[in-house]
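J.: return a 3D structure for these sequence lines:
(3 chains)
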Amino acid sequence: MADHTEVTVEGRKVRIRSSESEPLPPYAPSVSVGHPVPRVDAVDKVTGRAVFSTDVRLPNMAHVRFVRSTRVHARVKSIDTAALSSIAGFLALVDPLEMVGKSLKDFLGRELPILTDEPRYFGEELLAVCAETESAARQAVRAIRVEYEDMPFTVDPEECVKAGRFVGGGWSRGKPGRPAVYERGDVAKGFASSDQIFERTYRTAWNVHASLEPHAAVASFENDRWTVWESTQGVFSVRDDLAALLAVPSRRIRVIGTYMGGGFGGKSGAGKYTFLAAYLSKKLARPVRAVQDRSEEFFSPYGRPPSIQKLKVGVRKDGRIMAIEQMGVHATGAYEFGAEWGSAENMLTEMYACDHVRTQSYAALTNTPPSCAMRAPGHAQGAFALEQMIDEIAHALSIDPVEIRLKNLPSRDPESGKTFAGPAGVHGMAECLKKGAELFAWRKKTSETKNDPATPVKRGIGVAAASWSAGGGPPASATLRLFSDGTAELAVGAADIGTGTRTVLAQIAAEETGLRVDDIRVINADTDQTSYTLPSYGSLTLASAGPAVRRASHACRRQILALAEDVLQAPAKSLTLADGKVTRPGSKKKPAESVAIAEFVSLSPSHEIFGRGDREGNPDVAIKAYAAQFAAVSVNVETGVVAIDEWIAVNESGRVVNPRTFESQQIGGVTMGLGMALTEDRVFDGGTGRPLNPNFADYKLPTIQVQPSNFIAVAVDRPTDANVIGAKGLGEPPIIPTAPALANAIHSATGVRIDTLPLSPKGILDALNRAKS
Amino acid sequence: MTYPFKIERLASLQAAARRIADLQGRAAILGGGLELLDFARSGADQTPEILIPIRQIAPMSYIETRSGEIRIGAGTSIAEIADSTGIRRVAWPLTESANAVGSSQIRSQSTLAGNLLQRPRCWYFRNGISCFKNGGNTCPAATGDNRYHAIFGGGPTYSVFQSDPGLALCALQATLVIVSPDGERTMPVTDLYVDPKQDASREHVLKPGEIIREIRITPLTDRYVGTFMKIRERSGFDFATVSIALIYNNFHGRFKDIRVYLGGVAPRPYVPEKALNQIQYKKLGRGEIPPAADLAAEGAAPLEHNAYKIPMVKRLFREAFEVTYEKLSWRPD
Amino acid sequence: MDKAPVSFRINGKTWSGSVHPLKRLLDTIREDVGLTGTKEGCGEGECGACTVLLDGSPVMSCLVPTCQAEGKEVTTIEGLVRDGELHPMQDCFIQEGGAQCGICTPGMIMAAVAYANDPDSAEDMREALAGNLCRCTGYTRIYEAVRCAMEKMGDSGRSGKKDEGSRKKKAGAT
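T.: Residues are numbered from 1 along each chain as shown, chains lettered A, B, ... in the order given. Coordinates of the predicted model:
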């Protein structure tokens, strides 16, 4: 672990010592961790009992809805609200004047106004109305007449860049009018030492998170305090955002997000609707509900921006990558807000060993909703370019696509120069590639996949890989309370966004304390009842909260053992904790003896055993998770229809705490990747600037029929030494290699490289047609 | 949800027809209600002020055989059609088309007449962007993002025909029984759809107050083969990118009485005349199919973004013939 | 806004109230009956989250005018538990891990129950569930859960099978 961190306090640079973490015994779980324990919340979910934010109904609850811009870029000339007075149940109107100075902020502090009278994209929020019923609120929205003065617009990112309307993408604020540049080594030198140079431009499409539960909040203001139910990945970030927007201390806000219907990066903080619900709940002194329609999910600042990536890679004859140069443009939307989320270059700078890399990132200020993090932001786009390029190079040099990847694996993190987290030895990506190749029978299929020219259905195979920083880290903490009846309450701030966080954390607590998973109630995502944690994003939840839970549980374990040593008359290390009991093994003299954990809790001076754990700092190494995917497809070259015959997904994310939830994350990620690859394409019309498919009929998510007929997801279960549970994150890695693996398989089937997403029948037929002419 | 509707309950279909005719477009019948609630939410289409629930007036949901015909009530659900043994036996392309509609829920909820009269899926129209079909005087798809639009018979509008059962009913030469204010009449389903050159604002010829009461089909004898096929962009729950309904028979060793209609490619069910003429009356033989298929997209006038439908049309035409050819009770090869 | 009396059976009990005849059945169930297990995912009949059974058939309750439920039997996710016992479909969704975030789960289970009750109602299970979107699971565990439940339910658990055997392979290029 790094011993010191340098920080700035009141303008002064100081070094603060890292907090000491108690060393824990080596982790050798056996009882609960590593088993496919059913989800602890499954009964609530299958009975309809789970209350999501959209289900919260409070007495006297009012409803807020937005008046959204029906123009793409305009100035509001006048607003006629005369008809509102005749609408039964109309309660309040909020206009931009009332919201002056109120804005959402991104990671770099860039702002997005709550309401505006100069809309820059179709659907931007102009006014908010509040009414007794949702129906009355809708009527009120329709009753308001807005007159606009139209202004010029474009939804085309390349046009914007040409016109100079862009900012640098990436993680720091660049200079105005300049792209964000990353550079290591000297690409000119790298290309000079290359035997062959490959160039191609790739395009990825606009996606949207499409969580099945829309963005939603219900706010109630009572006794000078807000309680907000929000469908969110991070209750604490919602609380902090609201505290800033309402200009009140955090203690006056409670945010609850126990059940939430999907996030994928789109629900990381408060939304405009959250603030309005909170604001109006105080103003009207009654609870206020704000729920977005499905179409509004497409008009709001959410989604994966589209990218155009010009990629140039130099290689030696033996397949070694010598230089990578990339120019990336993405449509970040009408505000600088969120410009960091579309940059695809990180994939190129971190994946493979290469001394000479230069990337430029342009975030084009298109008249579209601002973009946002969406599952593997940037990487999913970058992989579509890089992993196809690697495939192209492999074919050109007659090197096996798996081999060329193995050949270019870095021995240290190419960006930071740090060593990789242990265990030392094999590279996680190498393990994924080798295991996948073996399961898929890659070599055999490579030699056997031949096509009959007479049939329009062509078979092909493809592979792609990924890496993602997935070490987690502080801040995260947890508390565990054991009661005298042998049950317990585990409190953690982390949201369970469907990944199984509640379940795996309960398993970690059960493993450490000897309690049964069923006896542990998990309280999560409630700012009043749990301690601070980062939102569940970036594949960091398990690796952050898991070690904190183990530490909290270990503190309880020690208290149990201290009592057990006396009661069972045996040294702690000889005792086992499992199945709700502490057991002293039998010997020749004495038979085995077990005492219920409940007994020890009763004996404890506080009649309750309590433990708190804080996430230790990470060691000073690079902690990555890895993925490789193998695809076999059939492509009908006359209809452009792709059938997925076989899919193998391999992930190395450290220890597998629950094989069932692990596999579900893999399959779910690949399926979302297949949506990105095959059909998902959020269309903004060039002529009118309007979204053309803000619905699930025309924005096509994968259905159960898209699922490959032969779909295997396996884990490389290799605990990391980077934290005390050995697990890394798994949220993003499964989606990253999917689209390029599919594109590579389509190339293998058709001989044509399809550099533009989605790989729809149209995309494929158009590409085949271009290749012919 | 806002409900700008009033419900009126009337005693007979005839009375409903008269009332709707009197109110000239401000009233409509309520069948399955799918399009109604969809549009009411999006506000993309004018919604009627008065609705007349039709299922309570007369039995509208039935499948029966009478006078040598299959008679299907206009309010019969797509799921009931898909499930009907009788239809499967003598009008199987309709069964196949019913199975291809939406999802199991949509099939349970939507009526046959509602499916025939559904408004276009055009994404300009559905998003309320001004066009011929919502009171405007342009078709933004003509120069816009027309990837899903017509390659045949377009102009001035380019939205495409999307009813899967509608296409099958054309091939089955079904007849519609229509109640109008002045009485009842019949009409071939192939006459139901209007050429946008005649009227760009609507898709069918029914006047306000005309209600489809029943659909009649002459059963196919076992000399006939036929099929309905559909290419969709997404597996499961998707509208047709290109669809085909095909029926023909073996007449003394020749392809005869071919009825072939394409969906998803033209404002109306489209007959690929050149291809049809190429194969009609030819001696049965597998070899006759590819030359005809090559002509299936003759006369296509693709827009900027939809030329990809051309190879699809050819392939689907060929597959439909090849699949059905295998089912002929006698074939030379 | 003219409300009108409406009455239907829901989960075995009669419910009578006064709502606009065109109020979406989904809203009537959630707001007036007070059962929030049925979810709204899109409000346009495209995601299946609001699936309930209407006289045993799966419908998207967001596209059903309440007046069309008059006199009918509505079954929601809350109605599957009988005498405190979970329905086999619910058991199998737990056992097989068919639920992730859980928002699509009630609708998915209702569509699956409709199919398990009448396997002839669709070409196959995937076809029967193609109208229910899930953004988390990738469907594999859902598929396994439904398969498990159908085995458990066996023929005895289902309502009468259709006179015909398995239906013909549906045509369609894709």
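
J.: tell me the SS of B:A245?
T.: Classification of B:A245 using DSSP: H, G, I helix; E, B strand; the rest coil returns strand.

J.: please apply the same query to B:Q14.
T.: Using three-state DSSP, the structure places B:Q14 in helix.

J.: contacts only, for the residue in the stretch 151-300 of chain B that chain C sits nearest to.
T.: As assessed by CB to the nearest CB, chain C sits closest to B:G236 within the stretch 151-300 of chain B, at 3.2 Å. To be clear about C-beta, it is placed using only N, CA and C from the backbone, and glycine gets the same treatment. Each residue near B:G236 by CB atoms under 8 Å, 6 or more residues apart in numbering or on different chains is listed here: A:T703, A:I704, A:Q705, A:V706, B:S103, C:R126, C:E127, C:A130, C:G131.

J.: rerun at 10 Å
T.: Residues near B:G236 by CB atoms under 10 Å, 6 or more residues apart in numbering or on different chains: A:700, A:702-707, B:102-103, C:126-127, C:129-133, C:174.

J.: does A:N651 belong to a helix, a strand or coil?
T.: Put simply, A:N651 is strand when judged by three-state DSSP.

J.: how many neighbouring residues does it have?
T.: By other CB atoms under 10 Å in any protein chain shown, 32 other residues sit near A:N651.

J.: what ranges do the helices span in the stretch 1-150 of chain B?
T.: Shown for the stretch 1-150 of chain B, the helices assigned by DSSP state H, counting those that start in this stretch span residues B:13-23, B:34-42, B:78-83, B:85-90, B:92-99, B:104-109, B:112-116, B:123-126.

J.: out of those helices, flag the one nearest chain A.
T.: Proximity to chain A (CB to the nearest CB) singles out helix B:123-126 among the helices of the stretch 1-150 of chain B, at 4.2 Å.

J.: and the closest one, what does it pack against?
T.: helix B:34-42 (3 or more CB pairs under 10 Å, 6 or more residues apart in numbering or on different chains; DSSP states H and E).

J.: can I get the helix it packs on in PDB, CA atoms only?
T.: Only the C-alpha atoms of helix B:34-42 are listed here, as PDB (Å, rounded to 0.1, in the frame of the first residue of the first chain):
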ATOM      1  CA  LEU B  34     -53.700  -1.100 -28.300                       C
ATOM      2  CA  GLU B  35     -53.100   1.600 -30.900                       C
ATOM      3  CA  LEU B  36     -55.400   3.900 -29.000                       C
ATOM      4  CA  LEU B  37     -53.600   3.800 -25.700                       C
ATOM      5  CA  ASP B  38     -50.200   3.900 -27.400                       C
ATOM      6  CA  PHE B  39     -51.100   7.000 -29.300                       C
ATOM      7  CA  ALA B  40     -52.900   8.600 -26.400                       C
ATOM      8  CA  ARG B  41     -49.600   8.400 -24.500                       C
ATOM      9  CA  SER B  42     -47.300   9.600 -27.200                       C
END
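
J.: how does chain A divide up, domain by domain?
T.: Structural domains assigned to chain A are A:4-30+A:472-614, A:61-152+A:215-291, A:398-471+A:622-772, following automatic domain parsing.

J.: distance from the last one to the middle of the chain?
T.: When C-alpha coordinates are averaged (CA atoms, centre = their mean, to the nearest Å), domain A:398-471+A:622-772 and its chain have centres 17 Å apart.

J.: now do that domain, average pLDDT.
T.: Average pLDDT, domain A:398-471+A:622-772: 96.

J.: dump the residue contacts of B:I247.
T.: Counting by CB under 10 Å, 6+ apart, B:I247 has contacts B:91-93, B:168, B:170-173, B:220, B:224-228, B:257-261, B:320, B:324.

J.: in strands only, show me those residues.
T.: B:Y224, B:V225, B:G226, B:T227, B:F228, B:D257, B:I258, B:R259, B:V260, B:Y261 (DSSP state E).

J.: can I get the buried part of these as one ChimeraX selection?
T.: A single ChimeraX command selects the buried members of those (16 or more other CB atoms under 10 Å in any protein chain shown):
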select /B:224,225,226,227,228,258,259,260,261
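
J.: which of the ones in strands among the contacts of B:I247 come close to chain C?
T.: Restricting the ones in strands among the contacts of B:I247 to those near chain C by CB under 10 Å from any CB of the partner chain leaves B:G226, B:T227, B:F228.

J.: circling back to that earlier point, just the ones of the contacts of B:G236 in helices?
T.: Judged by DSSP state H, the contacts of B:G236 include C:R126, C:E127, C:L129 as members of helices.

J.: tell me, what residue is most central in the chain?
T.: In the absence of a named chain, this looks at chain A. Nearest residue to the geometric centre of chain A (CA atoms, centre = their mean): A:R375, 3.9 Å.

J.: sorry, I should have been clearer: chain C.
T.: Nearest to the mean C-alpha position of chain C, by CA atoms, centre = their mean, lies C:M110 at 2.5 Å.

J.: which parts of the stretch 401-550 of chain A are strands?
T.: Taking DSSP state E, counting those that start in this stretch as the criterion, the stretch 401-550 of chain A carries its strands at A:457-469, A:477-482, A:488-492, A:520-524.

J.: the longest one and chain C in contact?
T.: To tie it back to what came earlier, the one meant is strand A:457-469. No - judged by CB under 10 Å from any CB, strand A:457-469 stays clear of chain C, getting no closer than 11.0 Å.

J.: count of neighbours near A:W229?
T.: Look at A:W229: counted by other CB under 10 Å, it has 29 neighbours.

J.: revised request: answer the last question for A:V714.
T.: So A:V714, with other CB under 10 Å, has 17 neighbours.

J.: that older thread, any chance of the helices of the stretch 1-150 of chain B in a markdown table, plus mean neighbour count and mean pLDDT?
T.: Compiled in a markdown table, these are given as follows (neighbours: other CB atoms under 10 Å in any protein chain shown; pLDDT from 0 to 100):
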| stretch | mean neighbour count | mean pLDDT |
| --- | --- | --- |
| helix B:13-23 | 19 | 92 |
| helix B:34-42 | 21 | 78 |
| helix B:78-83 | 24 | 96 |
| helix B:85-90 | 16 | 96 |
| helix B:92-99 | 28 | 98 |
| helix B:104-109 | 28 | 95 |
| helix B:112-116 | 25 | 96 |
| helix B:123-126 | 26 | 96 |
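
J.: which one of those lies nearest to A:T671?
T.: Minimum separation from A:T671 across those (CB to CB) falls at helix B:104-109, 20.3 Å.

J.: show me the two of the ones in strands among the contacts of B:I247 that sit farthest apart.
T.: Distance extremes for the ones in strands among the contacts of B:I247: the farthest pair is B:F228 and B:D257 at 17.1 Å, using CB to CB.

J.: the domains of chain A: which one's closest to A:P369?
T.: Closest to A:P369 of those, according to CB to CB: domain A:61-152+A:215-291, at 5.3 Å.

J.: phi, psi for residue 275 please.
T.: By default, I'm working from chain A. Note on A:F275: backbone dihedrals following degrees, to the nearest 10 are phi -60, psi -40.

J.: my question was about chain B, not that one.
T.: Backbone torsions of B:A275, given as degrees, to the nearest 10, read phi -70, psi -40.

J.: for chain C, give me the ranges with low pLDDT.
T.: Across chain C, the ranges flagged by pLDDT under 70 are C:1, C:155-174.

J.: helix, strand, or coil at the residue of it at minimum distance from chain A?
T.: Proximity to chain A, evaluated over chain C using CB to the nearest CB, is greatest for C:G37 at 2.0 Å. Classification of C:G37 by three-state DSSP places it in coil.

J.: and what of C:S7?
T.: Secondary structure state of C:S7, per three-state DSSP, is strand.
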